[in-house]
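Trainee: Structure here, sequence nowhere to be found:
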Ligand SMILES: O=C(O)CCC(=O)C(=O)O
Ligand SMILES: [Fe+2]
């Protein structure tokens, strides 16, 4: 497991570097933030028991990942769906492939060039399902600012963002979108 986490960490950092450079930022501060030793990266092992009650039961409710970048490995059962053009699209299960998701922080840093995709997991009526997600996160005091001006998002620390997410879950029962949490007031009219 430790070996898997180390491999995913190396891969996630390499992918982040490539995607940051693609936007013209070679030695960006953000790379130092996510690659430093106090980053808060973690691995989540998901188990979805089979559920015969209904086809419409969530294994995992619709959400975006709150991190910088996620690398997901899933088994052959299927159930992961992502939102595309206002429709839920099923992701074909493939044990020999990894799925890479942009997270909220990368969306904010890239000033919306990269999008944090909404996704969910539907329960399977017959089979249990397993997946492993590696979340690339900076340290909680890392300041996230957009790479371009005018910046769509206010500057925020990862700790502040996580705190706000937890408050929203307590108050409204689910996570708010990063647009609603962090957007500069001058952009609110477009929401
Ligand atoms: O199990 C999956 O396919 C998705 C897991 C996921 O989205 C998450 O852990 O945030
Ligand atoms: Fe997720």
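Mentor: Alright, I've got the coordinates. No experiment lies behind these values; they were computed from the predicted model shown. Ligands and ions are numbered 1, 2, ... in the order given.

Trainee: ok, residue 37 to residue 23 distance?
Mentor: 25 Å (C-beta to C-beta, to the nearest Å). Every C-beta, even on glycine, is put in place using the N, C-alpha and C of the backbone.

Trainee: who's more crowded, those two?
Mentor: The neighbour count for residue 37 versus residue 23, taken as other C-beta atoms under 10 Å, is higher for residue 23 (14 against 5).

Trainee: just checking, the more buried one touches residue 113?
Mentor: Yes: between residue 23 and residue 113 there is a contact at 6.2 Å, judged by C-beta atoms under 8 Å.

Trainee: Residues of the chain that sit close to ligand 1?
Mentor: Residues of the chain lying close to ligand 1 by C-beta under 6 Å from any ligand atom are 44, 46, 60, 65, 72, 74, 80, 119, 121, 131, 133.

Trainee: Before we move on, what's the pLDDT of the closest residue to the fifth one other than its chain neighbours?
Mentor: What that stands for is residue 72. Closest residue to residue 72 apart from its sequence neighbours, by C-beta to C-beta, 6 or more residues apart in numbering: residue 99 at 4.3 Å. Looking at residue 99, its pLDDT reads 97.

Trainee: Next, count neighbours for residue 99.
Mentor: Counted by other C-beta under 10 Å, the residues lying close to residue 99 total 17.

Trainee: how much space between it and residue 145?
Mentor: 28 Å.

Trainee: what does residue 136 give?
Mentor: 18 Å.

Trainee: Same drill for those two, tell me which one is more crowded.
Mentor: residue 136 (26 against 15).

Trainee: Neighbours of residue 20, how many?
Mentor: Around residue 20 there are 22 residues (other C-beta under 10 Å).

Trainee: for residue 42, that is, sorry about that
Mentor: 12.

Trainee: give me every residue that touches the closest residue to residue 56 other than its chain neighbours.
Mentor: Closest residue in space to residue 56, ignoring its immediate chain neighbours: residue 122 at 7.5 Å, by C-beta to C-beta, 6+ apart. Listed by C-beta atoms under 8 Å, 6 or more residues apart in numbering, the contact partners of residue 122 are 55-59, 79, 81.

Trainee: hang on, residue 174 packs against residue 168?
Mentor: Yes: judged on C-beta under 8 Å, residue 174 makes contact with residue 168 at a distance of 7.2 Å.
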